[in-house]
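Asker: fold the following for me, if possible:
(one chain, ligands or ions: 2)
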Amino acid sequence: MGSTVKDINENMLGGKKVAIVFVLGGPGSGKGTQCSNIVEHFGFTHLSAGDLLRQEIKSGSENGAMIDTVIKEGKIVPSEVTTKLLEEAITKSGNDKFLIDGFPRNEENRTTFESVAKVSPEFVLFFDCSEEEMERRLLSRNQGRSDDNIETIRKRFKVFVESSLPVIEYYESKGMVKKINAAKPISEVFEDVKAIFRPYGPKMKADRLILSNLDHDLGYLHRFPSDFPMSHDLGLSLFTHVGTLVGSSLRQHRQICSSGNLMVQEAFGRLNKFARAFCYWLSRASNPKIFRRLMSLEGPNSRACQSHINQVNSRVQNLAVLQFGCLVREEHAVQQLLANFASRALGRLWNDFQKQHASNVLTLAGAMAIVPPLENISLKMLAESMALGNIKDYVSRPMDQPYLEGKRIKSRSVAVPSTIFQGDAIEPKTGIKFPAFLEDDSSPSTTVLVGMGFKGVKVMRVKNLDLYAFDLQPNTVSEKLGPKYASVPTIQLKDHPDFYDDLLRENLPMRVRLVVHYNGLSIGAVRDVFESSLGLRLQKMNPNTDYRCLKTFGSYFNEDIPIPAGTKIDFCQTSDGQLITEIDGRQIGAVKSKDLCRALFGMYIGDSPVSLDAKKDIAKNVAGLMGKS
Ligand SMILES: Nc1ncnc2c1ncn2[C@@H]1O[C@H](COP(=O)(O)OP(=O)(O)O)[C@@H](O)[C@H]1O
Ligand SMILES: Nc1ccn([C@H]2C[C@H](O)[C@@H](COP(=O)(O)OP(=O)(O)O)O2)c(=O)n1
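Answerer: Numbering: from 1, shown residues only. Ligands and ions are numbered 1, 2, ... in the order given. Take a look at the predicted model:
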C-alpha cells in the first residue's frame, strides 16, 4: 500500500488529491441504487464497502472466512480490513472522485479511516428511510445475499441504530451531512441527489472521470501487454473513426440516401447506432457492471450485449457526453482513454487482425446490413473496421472502388443502345462499380455489361456478398438471336419461354464477373459453392452428364490462391464451348464442356437464378443489343 504521512488538509491519497463523499443510510435505504445514478451522471467512482468485503470473501483470501461470518451475523467487520480495501481501491483508480458507500459504519471505522487515510470527506450523504420500508425493499432485493434474510436484517437495523447513527450525528455536528428523504420513489430521490451533486458535474475533471473506466477488474484483459506496439495508433484511430462516425453520420446520411445505396445507408444507420452506444460506454464513469457488459460483447451471439445496447440506445438522448466531437477538442484525455482501452481490450485481437488482412468498413457495413443488428458484431470486427477503414473517405466517396474502375468509353465500334449501361455501372445495393466494357470498347470482340446482381453466401457465419456482372458480345448476340427474336416486343422478351434457353444454348461468348466483397473468403469456399450448385444443375439438365468436367473445374481452385476483397473472378464462355476461369485477369483453368457452360451461366439466366431482377435486366438489355427498343 505504501501510505506515507499526509496532511489531512490536502486530502491526498494514492498520490493524488481526492474528493470523497461518504454515503450512509440504513440497509436497504437505496445507497447502492443512488450511487449508480451518481456515477453515471457525475463521474464518481463508487466504492461500496459491502461489495469490497463480499469480493474479499469470494477471493478466498485469509480474511475471507472471518468476513463471511461477521456479515452473516449482521455485525461490522474490523475497521483495518475495510479501510485497507478502500485505500487500495482508491489508489488503483484513475479517478479522484469517490462515493464511499456503507462506510464509516461505526465510530471505529471513522477514526481508523481518518488516521490511516488521513482524508476527510467533502460531505456525508445520508439516506433517511423508515425500517418498515427498508425491510420491504431488502426482502425483495433478490441479489442472493446471505444477509438479506429477516433475522439478519433485524440485526443489521439494530447495528445501524446503535453504531452508524452516532457517526452521522458526529458529522451532523460538523455541519457536513446532506440528508435525503429516501422513502420516495427512486427517480424522486435522485432529483434531490442531483441538486446536491450538480457542482460535481461531468465537466469537472472529465479526464479523470473517463479514465476511471479502466479501474476495475478487467479479467482476461490483463493478459495483454499495455505497451502493445500499435496501441496508441489503434486507440487514436478507433477514437477518430468513432468520433467521425458520430459527428458526420447525420450529415452524410442524406448523401448516402440520395445515392440510392440502400444497403450502405441501412448499414450506416446501424453502425452509427453502435458507435453511439460504444461512445456512451466509454464515456460513462466507472461501474464494474459496464465492464462486465462490455466484455459480454465478446460472445458472438450475446443477448446480454444486445439488450445492453438497446438499453443504451433508449437513453442516448439524455447524454450530453455523446457530443464526442467536442470532447475531442477539449479533452485530450479521451484520446488517452481510447488508446489505453484499445491496447487492453483489443490487444489480443491484433494477431488475428494481422493474419487476416482486416476487413474494411464497407464490408462491416455490408455485413451489418444483412445480419440481425449487432448480434454478429464482435469487438474484433469493430476494431478491424475502425482501425483500417478510412471512414471519412468511405463516407464521402462510397462509390469509388479503384480496383473496379473500367475503361471510359472513347470511340465505340459497337452500337450500344441507350437501354444498356453507357458508362460504368454501379451495383445499387453495394455501390460497387462495374465497367460497361471489359475490353477496349473499340474491339469488335468486346463484351458489354448487360446485367448485375448479387448473391449472398454464408461463410464463417457472416453472410457475404459476391457481386456479379453479366457481359455479352453485342455483335454475336444480334447475329445469333436477332432473327428469332426481332419481332418479339422487348417487354415480352423477359417472359418468352425459349429466350433464356436459347441464350444459354447458342454458345454466345459471355462472361460473368464476380467481385469478392469480403476479406477472409477462401478459394475453397468459392469452389464448394460452385461445385454444389453446378452439380445440381448438371444433374437436372442431363442425368447422364460426364461429371469429370466438374472435377476438373474444381481442381483449378487451388487452396493457395488468395482472394481478398476486391478480387475479380471471371467465368467466360467461348463460342467453342470452353469455360475459362480467370482470377484478377489471370487464367487459372479452362474446361471444354458445353454442359458445364450452360450450368454455370444457368445460375444467372436459367431457372432459379441468383437474382431474378438481374435476369430480367439481362433480357431487356439483350433486346437492346438486338436492335430492339
Ligand atoms: N427509492 C426507492 N424506492 C423503492 N425501492 C428502492 C428505492 N431505492 C432502492 N430500492 C430498491 O430497494 C432495494 C435495496 O436498495 P439498495 O440500493 O441495494 O440499498 P442499500 O445499498 O442501501 O442496501 C433494491 O432492490 C432497490 O432496487
Ligand atoms: N463499513 C462496513 C460496511 C459493511 N460491512 C458489512 C456488514 C454489512 O451488514 C455488510 C453489507 O453491507 P452493505 O453496505 O453491502 O449492505 P446494506 O447497506 O447493509 O444493505 O457488510 C462492514 O462490516 N463494514
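
Asker: surely Phe22 is in contact with Val119?
Answerer: No. Between Phe22 and Val119 there is no contact, the gap being 10.5 Å when judged by Cβ atoms under 8 Å. Just so you know, the C-beta spots here come from the backbone N, C-alpha and C atoms, and that holds for glycine as well.

Asker: comparing the two, which shows the higher neighbour count?
Answerer: Using other Cβ atoms under 10 Å as the criterion, Phe22 and Val119 rank with Phe22 on top: 27 against 23.

Asker: tell me the secondary structure for the more buried one?
Answerer: Three-state assignment for Phe22 (DSSP: H, G, I helix; E, B strand; the rest coil): strand.

Asker: give the contact list for it.
Answerer: Residues near Phe22 by Cβ atoms under 8 Å, 6 or more residues apart in numbering: 100, 103-104, 121, 123-125, 171.

Asker: may I ask which of the residues you listed has the most neighbours?
Answerer: Using other Cβ under 10 Å as the neighbour criterion, Pro104 leads these with 29 neighbours.

Asker: excluding sequence neighbours, find me the nearest residue to that one.
Answerer: Closest residue to Pro104 apart from its sequence neighbours, by Cβ to Cβ, 6 or more residues apart in numbering: Arg110 at 3.7 Å.

Asker: helices and strands around the helix or strand where the one you found lies, which ones?
Answerer: Taking DSSP states H and E as the criterion, Arg110 maps to helix 107-117. When contacts are defined as 3 or more Cβ pairs under 8 Å, 6 or more residues apart in numbering; DSSP states H and E, helix 107-117 packs onto helix 79-92, helix 165-173.

Asker: now the closest residue to ligand 2 within the stretch 1-150 of the chain, nearest residue through space, not along the chain?
Answerer: Nearest residue of the stretch 1-150 of the chain to ligand 2, counting by Cβ to the nearest ligand atom: Gly50, 1.8 Å away. Sequence neighbours aside, Gly102 is the residue nearest to Gly50 in space, at 4.9 Å (criterion: Cβ to Cβ, 6+ apart).

Asker: pLDDT at that neighbour, what is it?
Answerer: On pLDDT, Gly102 comes in at 96.

Asker: surely it touches Gly28?
Answerer: No. In this structure Gly102 lies outside contact range of Gly28 using Cβ under 8 Å: 11.5 Å.

Asker: tally of neighbours for Phe157?
Answerer: Phe157: 18 surrounding residues under other Cβ under 10 Å.

Asker: which non-adjacent residue is nearest it?
Answerer: Nearest residue to Phe157, sequence neighbours excluded (Cβ to Cβ, 6+ apart): Glu131, at 5.4 Å.

Asker: what is the rounded mean pLDDT of stretch 529-547?
Answerer: Averaging pLDDT along stretch 529-547 gives 85.

Asker: mind listing what's buried along that stretch?
Answerer: Neighbour counts using 16 or more other Cβ atoms under 10 Å place 529-530, 533-534, 537-538, 545 of stretch 529-547 among the buried residues.

Asker: if you count contacts, what does the host helix or strand of the residue of the stretch 1-150 of the chain closest to ligand 2 end up packed against?
Answerer: Secondary-structure assignment from DSSP H and E places Gly50 in helix 49-58. Identification of packing neighbours for helix 49-58 by 3+ Cβ pairs under 8 Å, 6+ apart yields helix 64-72, helix 79-92, strand 97-101.

Asker: alpha carbons only: can I get the shortest one in PDB?
Answerer: Provided in PDB are the C-alpha atoms of strand 97-101 (Å, rounded to 0.1, in the frame of the first residue of the first chain):
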ATOM      1  CA  LYS A  97     -13.900  11.500  -7.000                       C
ATOM      2  CA  PHE A  98     -15.200   8.700  -4.900                       C
ATOM      3  CA  LEU A  99     -18.500   7.700  -3.300                       C
ATOM      4  CA  ILE A 100     -17.800   5.500  -0.300                       C
ATOM      5  CA  ASP A 101     -21.000   3.700   0.300                       C
END
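
Asker: tell me the helices and strands packed up against it.
Answerer: Under the contact criterion of 3+ Cβ pairs under 8 Å, 6+ apart, strand 97-101 touches strand 19-25, helix 31-42, strand 45-48, helix 49-58.

Asker: do it and ligand 1 meet?
Answerer: No. No part of strand 97-101 sits near ligand 1 under the criterion Cβ under 6 Å from any ligand atom; the closest distance found is 6.6 Å.

Asker: where in the chain is pLDDT low?
Answerer: Judged by pLDDT under 70, the chain has its weakly predicted residues at 1-9, 94, 201-475, 478, 517-520, 624-629.

Asker: next to ligand 1, which bits of it? Give me the list.
Answerer: Within the chain, the positions lying close to ligand 1 (Cβ under 6 Å from any ligand atom) are 25, 27-33, 137, 141, 182, 185-186, 189.

Asker: can you put these in a markdown table and add distance to Lys615?
Answerer: A markdown table is the format used below for the residues of the chain next to ligand 1 (distance: Cβ to Cβ, whole Å):
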| residue | distance to Lys615 |
| --- | --- |
| Gly25 | 71 |
| Pro27 | 71 |
| Gly28 | 68 |
| Ser29 | 70 |
| Gly30 | 65 |
| Lys31 | 67 |
| Gly32 | 62 |
| Thr33 | 61 |
| Arg137 | 66 |
| Arg141 | 63 |
| Ala182 | 69 |
| Pro185 | 62 |
| Ile186 | 60 |
| Val189 | 65 |
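
Asker: out of the residues you listed, which end up buried?
Answerer: Neighbour counting by 16+ other Cβ under 10 Å classes 25, 27-32, 137, 182, 189 among the residues of the chain next to ligand 1 as buried.

Asker: and the gap between Ile180 and Gly32?
Answerer: 14 Å (Cβ to Cβ, to the nearest Å).

Asker: er, Lys616 actually
Answerer: Counting by Cβ to Cβ, the gap from Lys616 to Gly32 is 63 Å.

Asker: what's the answer for Tyr547, then?
Answerer: The gap separating Tyr547 from Gly32 is 69 Å, by Cβ to Cβ.

Asker: and for Leu579?
Answerer: Distance from Leu579 to Gly32, by Cβ to Cβ: 69 Å.

Asker: paired strands for the following helix or strand past the helix holding Arg110, with orientation please.
Answerer: Per DSSP H and E, the first helix or strand lying C-terminal to helix 107-117 is strand 123-128. According to DSSP bridges, strand 123-128 forms sheet pairs with strand 19-25 (parallel), strand 177-181 (parallel).

Asker: I'd like the next helix or strand past strand 123-128.
Answerer: Scanning onward from strand 123-128 (DSSP H and E), the first element met is helix 131-139.

Asker: helices or strands up against that next one?
Answerer: Other elements packing on helix 131-139 under the criterion 3+ Cβ pairs under 8 Å, 6+ apart are helix 150-159.

Asker: how many degrees apart are the helix it packs on and helix 64-72 in direction?
Answerer: In terms of direction (axes from the mean of the first three to the mean of the last three Cα atoms, to 10 degrees), helix 150-159 departs from helix 64-72 by 80 degrees.

Asker: report all helices and strands that the helix or strand hosting Gln587 contacts.
Answerer: Gln587 is part of strand 586-592 when elements are defined by DSSP H and E. Contact analysis of strand 586-592 by 3+ Cβ pairs under 8 Å, 6+ apart lists helix 548-555, strand 578-583 as its packing neighbours.

Asker: how far away is Gln34 from Ser187?
Answerer: Gln34 is 11 Å from Ser187, by Cβ to Cβ.

Asker: look at those two and report which has more neighbours.
Answerer: Legend: neighbour count by other Cβ under 10 Å for Gln34 and Ser187, higher for Gln34 (25 against 8).
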